[in-house]
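Undergrad: need a structure here:
(one chain, ligands or ions: 1)
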Amino acid sequence: MTTPRTILHADLDAFFAAVEQRDRPELRGKPVVVGGASGRGVVAAASYEARAYGIHSAMPSFAARQRCPHAIFVAGDLAKYRRESRRVFAIFDRYSPVVEGLSMDEAFLDLTGTARLLGDAVSAAERLRAEVRAVTGLTLSVGIAPVKMVAKIASDLAKPDGLRAVAADEVRAFLAPLPVGRIWGVGAVAGARLEALGITTIGALAAAPEAVLRRALGSFGIGLARLARGEDARPVEADREAKSYGEENTFERDVADRSALADPIRSHAEAIARRLRRDRVAGHGVTLKLKLARPLGGGRYPLLTRSLALRQPTDDGETIGRAALSLLARVEPWEPIRLVGVAVTRLAPSDGSQLAFALGGPTDPRRARLNAAIDAIHERFGDEKLSRGAGGVRRAGLSMGIKRGERETR
Ligand SMILES: [Mg+2]
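TA: Residues are numbered from 1 along each chain as shown. Model prediction:
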């Protein structure tokens with residue numbers, strides 16, 4: 001029997017709108033909508049006063065205006081929100097070594113072992129909330145539970161400016177009366193199937209016979225019932241472990257010739273390396289991703305991934321490119337492909353000295369200088385200007401940019 005985890009979910013209340021109300025006193029107590037006010041704009045955040053009118057984020061701005069004609073629309077300032085986010089995460093980092101950011105204003109903190117009793121976690125959470133308020137003037141709601149999903153639901157029910165703790169032996173009673181839609185993974189389709197079975201609450205889902213769930217939803221249904229019983233072993237993953245840096249492109253025409261992938265792969269590798277160096281991290285996992293051109297129906301295509309581990313973490317484009325090309329050479333049987341991607345995983349912070357290892361060969365200060373020069377040129381001219389021997393990539397699809405948890409330093 002393992003000790004239950006103590007997981008804290010922290011979430012700022014109406015983050016963007018709260019920042020605006022903090023900085024502009026004339027907005028306090030008023031329905032404030034952050035987001036595009038134009039015809040096609042959407043609501044990015046709504047103050048609690050605006051939510052009282054049924055306005056919520058992701059709603060079209062015109063619909064928000066219909067619900068509350070006197071709402072005050074604010075364009076918003078992402079750079080300012082990022083700054084606030086960094087201040088708040090710096091506080092999170094002092095409360096736990098394991099912080100998993102979910103978005104700019106939301107994170108899981110693993111407090112397991114930092115306090116043996118739930119009572120201690122609650123007082124730590126109250127200190128955290130007070131500190132966030134003192135430093136930023138913003139209110140933070142917190143949920144504490146042995147399971148991630150339960151902690152997140154608890155913080156949501158505690159909003160605004162609240163705290164809710166659910167002990168291990170209270171989890172099932174806490175979840176039971178809630179609608180099944182609260183379970184992670186239950187969307188409109190699964191929700192409708194469960195409702196057809198007469199299952200509308202989490203308690204009913206937890207108690208439903210396995211055979212019934214399997215018939216309606218397959219093994220997915222069994223997993224949902226497990227969540228409904230509060231059984232979920234997923235740990236809080238520190239951002240560094242969860243992070244990967246990837247680049248990929250979909251080709252305008254399917255590519256049958258394997259050697260034609262070398263240039264795009266090298267180009268992706270260089271782009272990833274620049275981002276790694278910018279963020280001062282290095283990784284020793286390299287993954288090659290290929291989407292085959294053979295359709296599976298429903299707009300889906302077979303996905304093939306191959307990975308290897310480098311002996312040392314790297315932030316060097318040539319090393320990453322070589323690794324990805326060696327993975328490409330091993331793909332059998334070969335088929336035409338529609339997408340190629342490269343990712344670097346298993347990241348660790350890097351400093352200048354790690355570059356020596358990163359080269360995959362003897363220490364070569366020229367390579368470090370070359371990389372620094374490449375970065376400087378990209379800084380000035382953007383991504384299209386230069387790529388070492390790779391000639392760039394024509395993209396039919398969007399390249400994957402910032403992945404979850406990647407620091408945004410620009
Ligand atoms: Mg929030």
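
Undergrad: tell me, how many residues neighbour residue 25?
TA: Here the number of neighbours of residue 25 (other Cβ atoms under 10 Å) works out to 8. The C-beta positions use only the backbone N, C-alpha and C, and glycine is treated the same way.

Undergrad: now it: how far from residue 137?
TA: Distance, residue 25 to residue 137, using Cβ to Cβ, to the nearest Å: 11 Å.

Undergrad: and the protein, which residues reach the ion?
TA: The chain has residues 11, 12, 15, 105 near the ion, with proximity defined as Cβ under 5 Å from the ion.

Undergrad: include secondary structure when you put those into JSON lines, please.
TA: What follows is those, written out as JSON lines (DSSP: H, G, I helix; E, B strand; the rest coil):
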{"residue": "11", "secondary structure": "strand"}
{"residue": "12", "secondary structure": "strand"}
{"residue": "15", "secondary structure": "helix"}
{"residue": "105", "secondary structure": "coil"}
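
Undergrad: please name whichever of those residues scores lowest on pLDDT.
TA: Ranked by pLDDT, the residues of the chain next to the ion bottom out at residue 105, which scores 93.

Undergrad: and it, what is it in contact with?
TA: Contact criterion Cβ atoms under 8 Å, 6 or more residues apart in numbering gives 11, 12, 15, 85, 88 as the residues in contact with residue 105.

Undergrad: count of residues packed around residue 192?
TA: With neighbours defined by other Cβ under 10 Å, the count for residue 192 comes to 10.

Undergrad: CA-only coordinates of stretch 276-286 in CSV, if you can.
TA: What follows is the C-alpha trace of stretch 276-286 in CSV, where atoms were taken according to Å, rounded to 0.1, in the frame of the first residue of the first chain:
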residue,chain,number,x,y,z
LEU,A,276,16.8,24.7,-27.3
ARG,A,277,19.7,27.2,-27.1
ARG,A,278,17.3,30.1,-26.7
ASP,A,279,15.8,28.4,-23.7
ARG,A,280,19.1,27.1,-22.4
VAL,A,281,18.1,23.5,-22.4
ALA,A,282,19.5,20.4,-24.1
GLY,A,283,17.9,17.0,-24.7
HIS,A,284,19.1,13.5,-25.3
GLY,A,285,16.1,11.9,-26.8
VAL,A,286,15.6,12.3,-30.5
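
Undergrad: how about the strands in the chain?
TA: With DSSP state E applied, the chain shows strands at 7-12, 32-35, 43-46, 72-74, 99-103, 106-110, 140-145, 163-165, 245-255, 281-292, 303-314, 337-349, listed in chain order.

Undergrad: elements contacting the fifth one?
TA: Of the remaining helices and strands, those touching strand 99-103 by 3 or more Cβ pairs under 8 Å, 6 or more residues apart in numbering; DSSP states H and E are helix 78-95, strand 106-110, helix 239-242.

Undergrad: looking at these, which one is packed in the most?
TA: strand 106-110 (a mean of 23; mean count of other Cβ atoms under 10 Å).

Undergrad: what's the closest non-adjacent residue to residue 102?
TA: Sequence neighbours aside, residue 108 is the residue nearest to residue 102 in space, at 7.0 Å (criterion: Cβ to Cβ, 6 or more residues apart in numbering).

Undergrad: separation between that neighbour and residue 224?
TA: For residue 108, the distance to residue 224 under the criterion Cβ to Cβ works out to 21 Å.

Undergrad: give the contact list for the closest residue to residue 144 other than its chain neighbours.
TA: Counting by Cβ to Cβ, 6+ apart, the nearest residue to residue 144 once its immediate chain neighbours are dropped is residue 165, at 4.1 Å. Shown in contact with residue 165 (Cβ under 8 Å, 6+ apart): 118, 121, 122, 125, 143, 144, 145, 154.

Undergrad: can you check residue 200 too?
TA: Contacts of residue 200 (Cβ under 8 Å, 6+ apart): 179, 180, 194.

Undergrad: isn't the first one right up against residue 202?
TA: I take that to be residue 179. Yes - under the criterion of Cβ atoms under 8 Å, residue 179 is in contact with residue 202, at a separation of 7.4 Å.

Undergrad: okay, the two: which has more neighbours?
TA: residue 202 (27 against 13).

Undergrad: tell me how this protein divides into domains.
TA: Each structural domain of the chain that the record assigns through automatic domain parsing is listed here as a residue range: 1-168, 176-228, 243-381.

Undergrad: next, the distance between the ends of stretch 6-20.
TA: Distance between the boundary residues of stretch 6-20 (Cα to Cα, to the nearest Å) amounts to 33 Å.
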